[in-house]
Structure formats: C-alpha cells, structure tokens
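> Mind folding the following:
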Amino acid sequence: MRYILLLFALAYTINFVYAQDSTVIQKQKDSLFSALRNSKEDTNRVNIFYLLAIDNVRMRGDSFLMYIDRALELAEKLNILKKESFLRNLLGNYYWNVANYTGALNQYMQVVKISEQIKYDVYVSVAYANIGNTYFSMGNLRKAYEYSKQSMELSNRMGDSSRNSFCLTTIGEVYSKRNMPDSALYFAIKGLQESKKIKNDFRIARSMQALGDIYSSKQDIQQALYWYRAGITHAEKGLFGLGTSGMMAAMSELYYKNGQKDSAIIYAKKALDIAQSFNALTVVVQAATLLHDFYKPSDEHQSLQYLEIAAAAKDSVFNIQKNNELQNIAYNEEATQKDKEAAEIQFKNNIRFYMSIALLAVIVLVVLIQVKNNNRKKKANLLLQKQKQKVEDTLSELKATQAQLIQTEKMASLGELTAGIAHEIQNPLNFVNNFSDLNNELIDEVSQANAAGNPTEVNELLITLKENEQKINHHGKRAEAIVKGMLQHSRSSSGIKESADINALTDEYLRLAYHGLRAKDKNFNANMKTDFDKSVGNVDIIPQDIGRVLLNLYNNAFYVVNEKKKQHPTGYDPTVSVSTKRITDKVEIRVKDNGNGIPQKVVGKIFQPFFTTKPTGQGTGLGLSLSYDIIKAHGGAVKVTSKDGEGSEFIVELPAPII
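Numbers count the residues shown, from 1 in each chain. Below is the predicted model of the structure:
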C-alpha cells in the first residue's frame with residue numbers, strides 16, 4: 001500500500017506542476033480523498049495531506065494551511081522529524097511568498113533546530129539559505145549576507161557546492177542594495193552559472209531577476225529588459241509566480257520610464273493577474289499601484305478600481321506583519337556576546353584579586369618582621385634595610401611589568417592597524433582575482449559559442465570580457481594608490497626645521513596643485529583667490545611636510561568644486577580661496593572652497609585613517625589623516641567648518657613666536 005501511494009503521489013505532483021489535464025487532476029484529487037478515508041497508516045496520511053496542501057497552495061491559501069497543519073500534526077505525533085523538517089520548510093516558503101516574513105523566519109528557524117537534532121545537514125543548509133533570502137526581503141542586509149555565507153560554508157563542507165547558486169544570488173542582491181554594482185554583478189553571474197549547471201528553472205529565474213534589478217539600478221534599461229525577459233521564461237517553467245509577476249511589474253516600470261505607455265500597461269496587467277493567482281501580495285500592491293498611476297490622467301473609474309485592489313492588498317500585508325511577531329524566534333547572539341563580556345570582566349577581577357593577595361602578603365611579611373625584631377634595633381634596622389631593598393626590587397619589577405603591558409597594548413593597536421591596512425588592500429585585490437577567474441570562464445564560453453557558430457553570443461561575451469578587463473585595471477590602480485598613500489603615511493621626515501616664507505610656500509603649492517590637476521584633466525578649470533598677510537613673514541617649519549599638507553588641502557578643494565561644476569554646468573563659478581594671517585604668536589592658513597560641503601554627520605571622522613567622502617576607487621582616506629599628524633607634530637592644529645551645499649573651509653594653525 002505504501003509504495004503504491006508513493007508512486008501515485010509522484011504522478012499527482014508531476015501532473016500538478018505541469019497542469020497537463022485538469023480532468024485527470026480532478027480524478028486524482030478524488031482518489032486522494034478516497035485514499036485518505038481508507039488509509040489506516042498514519043505515515044500515508046501525512047503524504048496525502050501534503051499532496052492536498054500542494055493542490056491548494058496556489059489558489060486557496062486557507063485550504064493549504066489547513067492541510068499542511070494536519071500533515072505537521074501527524075508528523076509531530078509520529079516523531080517523523082525529517083518529514084516535519086520538510087513540511088516546515090514548505091510552510092516557510094508559503095509564508096515568504098505572501099510577504100509574511102516573520103512567519104517564514106519562525107518556520108525556517110524550527111527547520112534548523114530539528115535538522116541539527118537529527119544531523120540532517122542538507123536541510124540545515126537549505127534553511128540557512130531561505131533565512132538569508134527572507135532577511136533580504138525584510139531589508140536586513142547584514143543578516144541576509146551572514147546566513148547566506150553560513151549556508152554556502154556548510155554546503156562546501158558536505159562537498160555539495162551545487163546548492164550555492166541560491167545564496168550567490170542573494171549575496172549579489174545584497175551588494176546591489178549597498179550600491180556596489182561590480183560585486184553585485186559578479187555574484188549574480190556566478191549564481192546564474194551555478195543554476196544553469198543544475199538546470200533549475202526556479203534558481204535560473206531568480207538569478208536573472210537579480211541581474212535585471214542590478215542593471216535597472218544602473219539605469220541600463222535595455223540590459224535590464226533583456227534579463228527580465230529571459231528570467232520570465234524560466235520562472236514560468238518553474239511555476240515561480242512571484243518571480244514571473246515581479247519581473248513583469250519591473251518591466252512595466254521600465255517601459256513607462258522609456259515612454260512606452262502601452263507596453264507598460266500590458267505588462268502591469270499581466271503582473272497583476274499572475275500575482276493574484278499566486279497570492280503574491282507584494283507584487284499585487286506594486287502592479288495595481290502602477291495601473292492606478294497609468295490610468296489616473298485618462299480613466300478615473302479604472303484608476304479607482306486599481307487603487308482599491310492595491311489598498312486591499314496593502315491591508316492584507318499589514319495584517320500579516322502585525323499578527324506575526326519575531327518574539328518567538330530564539331537568538332543566542334546577544335547572550336553569547338554577554339557571556340564573552342562577563343568572562344573578560346571575571347578575568348580582570350581575578351587579576352586584581354591575585355595582585356591584592358600578593359600585595360597583602362608582602363605587607364604582612366613586612367609587619368611580622370618588624371614586630372619580631374622590634375627588641376633588637378640593630379638587627380631590626382638591618383632587616384628593614386633588606387626589606388627596603390626587596391620593596392625597591394619589587395617596585396622595579398612592577399614598573400618593568402607595567403612597561404611590558406604598555407608595549408603589549410601598543411603592539412595590539414599596531415596589529416589592529418595592520419589588519420585594517422591588509423583589508424583595504426585586499427578589497428581591490430579580491431576584485432582583480434574574482435574578475436580574472438570570471439574572465440577565464442568567459443573565455444571558455446567564447447570558445448564554445450564560436451565553435452557552435454553563434455556570433456551574437458560571441459560578441460556579447462567579448463563585450464563582457466572587455467568590461468571585466470577594464471575593472472581589473474581600475475581596481476589594480478586602486479591598490480597602487482592605497483600602497484602609495486600608506487608609504488607616505490608611514491614615512492618619517494628628517495625632523496629638521498628651517499625658516500621658510502609661509503606666503504611664498506602657500507602660493508607655490510597652490511599653483512603646483514592647480515597645474516598638476518590641469519595636466520590630468522584638460523577640462524578642469526577653477527578660480528583661485530589669494531589674500532596673503534605680509535606680516536606673516538618667515539616661520540620655522542619642515543617645508544616639505546607643510547607643503548604636503550597644503551597640496552592635500554588644495555587637491556581636495558579643487559576636486560569638490562570640479563564635482564559640483566559637473567552637477568551644475570551653468571550658473572556655478574568654481575572658486576578656491578587661500579589666505580594667511582598672523583594672530584599674535586601663531587599663523588593661520590585658510591583654504592576655502594564653494595563646493596557641496598561635508599555632511600555634518602561625518603565631519604568628525606574626516607581625519608581618521610582610511611575614511612574618505614569620495615566615491616569608491618577615487619580616494620584612499622589617508623591624505624587628511626597624514627596632514628593632521630604633520631600639523632600636530634609642528635605643535636599646531638587643523639580645524640574644519642562646513643555647510644551643506646555652500647562649501648568647506650580648512651584652517652591650519654602653526655606656532656610662530658614673535659622674535
């Protein structure tokens with residue numbers, strides 16, 4: 001009976017997935033109810049309830065939940081943990097599809113707990129992957145990345161990297177949300193390649209949808225439409241209704257932006273129909289809202305109809321989120337951190353306790369010796385002299401220990417700095433290595449496409465290959481810039497000060513910076529205003545070090561006004577103003593620009609090593625840090641004032657006693 005039922009279940013599932021004949025499916029459903037009435041084996045009843053749930057997952061969510069609950073109830077009663085793990089994962093997938101992310105997380109977390117209990121690593125990895133995807137849907141990018149990485153690490157330990165395609169795509173989406181398109185494309189393409197290897201239409205569609213989203217965020221409409229179209233084909237094959245409707249809604253938005261309103265309406269309607277049939281509430285809201293906006297100028301009646309649909313779907317999503325909280329999900333991360341902190345506190349307390357005991361023992365020993373020899377002054381004096389020497393030796397040892405602790409702390413700080421530098425260099429090198437590996441794979445694909453006589457695919461692959469080579473060159477130069485900046489930051493000067501004309505030095509480096517930038521960019525141009533106080537005179541400084549500070553401030557000022565000029569090509573006059581002034585026993589050098597200014601939330605961080613407000617790849621974040629150290633070494637100070645949209649002013653103060 002059991003084997004017959006399993007064969008029947010397989011045939012039923014195949015017919016359901018491909019929807020070959022509704023009459024046949026209805027007969028099979030009737031047979032299922034009949035088998036349910038006649039079955040006396042509880043294990044068979046679990047499978048029957050599962051199949052009835054699958055039949056209702058698309059159109060009748062309440063019926064699905066009823067049957068899946070019955071199947072879970074039996075599986076728990078019979079302690080069939082592997083089946084329970086499978087059913088809870090399926091229930092989590094359903095909750096995710098209808099935007100009940102908290103309910104989905106609850107089920108996936110229970111899958112992890114059950115699967116770890118029975119050492120079923122395959123489903124632990126699956127649950128981690130689904131948790132990562134759910135956190136991405138909730139907007140928690142850090143958790144999405146962490147759980148996806150855990151899933152991939154577990155799959156690799158099992159020697160089954162084919163499961164990594166789902167997580168690679170999730171990581172690609174995370175990088176896209178973090179506005180890191182190069183990394184996003186790399187992981188999304190890797191996810192697509194792995195999905196194609198296992199010929200999984202659902203995963204292929206998801207990877208293609210991610211690529212469409214990435215290109216859409218880059219405003220590359222044609223590439224985005226290409227990947228959405230390709231993804232819809234695979235999503236339909238894999239019955240991935242949420243993906244199919246989501247990509248159609250995205251295409252609708254792109255067509256509307258491109259001025260193709262008819263195509264936008266067609267795809268929005270298709271997206272709405274499919275989303276409603278699959279109960280994909282988030283896409284129902286998106287598609288209905290788009291149709292409301294499309295029809296609002298021309299057909300108020302239809303516009304209101306779609307607005308009602310969107311509002312109803314929004315209410316459903318809100319109620320789902322409101323009625324399912326994350327309070328029942330157990331997290332141990334905070335507890336683990338607290339345990340670590342408690343252990344550290346206990347360790348420090350133990351050290352203090354032992355030191356107190358040692359000190360108390362010394363004091364007791366001194367007192368006992370003093371009492372014992374009180375009647376013998378001479379011997380007492382001799383003993384006291386010896387004890388004094390002991391105390392002095394102990395003090396010397398304590399000082400040596402203290403110095404050693406200070407040195408250890410310095411080495412720890414140096415280790416942290418070294419780790420930070422290694423990370424800064426490793427980042428662009430990772431891009432070079434990753435895109436080099438990707439190019440090797442693309443070269444193989446070019447050879448295959450060429451052998452197959454497909455010139456179109458060959459051209460597309462060669463274009464991608466060229467783009468990757470440009471990215472390798474770009475990130476190689478990034479690494480070179482970081483290394484040069486580090487060498488400058490660590491290079492020690494001769495330390496010999498000499499009398500130098502501040503006004504002449506300030507003006508010399510201003511011209512040097514301007515003409516240096518003009519040599520790199522012929523289109524660069526900016527006004528320079530100077531106001532030098534003649535009473536400043538000569539100041540004892542290290543000219544090459546102060547010159548390095550000025551050059552950095554000038555380059556930064558010219559950079560920000562040039563960037564603002566690109567944003568406002570007309571009506572904006574880029575200007576950098578430099579002035580000097582003597583104030584009693586010090587000299588001020590002011591460098592002012594009329595750029596976009598520095599955001600107030602980051603003003604306090606600009607002198608930290610490796611912090612930069614420039615886009616990725618255009619700054620190492622060492623210039624201002626190095627300048628700050630040089631001015632401090634001269635006994636001076638560096639200040640900054642800034643207003644958003646109006647510009648910034650850096651003030652360098654140098655000691656200049658009046659002789």
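
> CA only for contacts and neighbour counts going forward, please
Will do.

> Mind pulling the model confidence for L365?
pLDDT for L365: 78.

> That one: which element?
Per DSSP states H and E: L365 is located in helix 333-372.

> Same check on I651?
If you go by DSSP H and E, I651 is part of strand 647-655.

> likewise M248?
Using DSSP H and E, M248 falls in helix 241-257.

> and the helix or strand just after that helix, what other elements does it pack with?
For helix 241-257, the following helix or strand on the C-terminal side (DSSP H and E) is helix 261-277. Here helix 261-277 touches helix 241-257, helix 281-295, going by 3 or more C-alpha pairs under 8 Å, 6 or more residues apart in numbering; DSSP states H and E.

> For the first one, buried residues please.
For helix 241-257, a neighbour-count test (16 or more other C-alpha atoms under 10 Å) marks 241-256 as buried.

> same thing with stretch 454-471?
Across stretch 454-471, burial judged by 16+ other C-alpha under 10 Å covers 457-458, 461-462, 465, 468, 471.

> same deal with stretch 136-146?
Neighbour-count burial for stretch 136-146 flags 136, 141, 143-146 (criterion: 16+ other C-alpha under 10 Å).

> what about that stretch, how long is it end to end?
Using C-alpha to C-alpha, to the nearest Å, one end of stretch 136-146 lies 11 Å from the other.

> what's the domain layout of this protein?
As assigned by automatic domain parsing, the chain contains the domains 1-79, 498-655.

> Spell out the residue ranges of the strands in the protein.
Secondary structure of the chain by DSSP state E: the strands cover 498-501, 527-531, 538-541, 575-583, 586-593, 637-643, 647-655.

> Report all helices and strands that the second one contacts.
Contacting strand 527-531 under the criterion 3+ C-alpha pairs under 8 Å, 6+ apart are the following elements: strand 575-583.

> about what we covered before: and the furthest pair within the buried residues of helix 241-257?
Using C-alpha to C-alpha, the pair of the buried residues of helix 241-257 lying farthest apart is G241 and Y256, separated by 22.5 Å.

> looking only at pLDDT, what's the mean for stretch 508-527?
Throughout stretch 508-527, pLDDT has a mean value of 82.

> what does stretch 231-249 give?
Mean predicted lDDT for stretch 231-249 stands at 84.

> May I have the distance across it, first residue to last?
Chord length of stretch 231-249, first to last residue, is 13 Å (C-alpha to C-alpha).

> chain center to it, what's the gap?
27 Å (C-alpha atoms, centre = their mean, to the nearest Å).

> any idea how far the closest residue to M208 other than its chain neighbours is from E253?
Ranked by C-alpha to C-alpha, 6 or more residues apart in numbering and with sequence neighbours excluded, the top spatial neighbour of M208 is G231, at 5.0 Å. Noted for G231: a distance of 16 Å to E253, by C-alpha to C-alpha.

> returning to what we had before: describe which strands the strand holding I651 pairs with in its sheet and in which direction.
Strands that pair with strand 647-655, judged by DSSP bridges, come out as strand 586-593 (antiparallel), strand 637-643 (antiparallel).

> and for that strand, what are the contacting residues?
Outside strand 647-655, the residues that touch it by C-alpha atoms under 8 Å, 6 or more residues apart in numbering are 553, 585-598, 631, 634-642.
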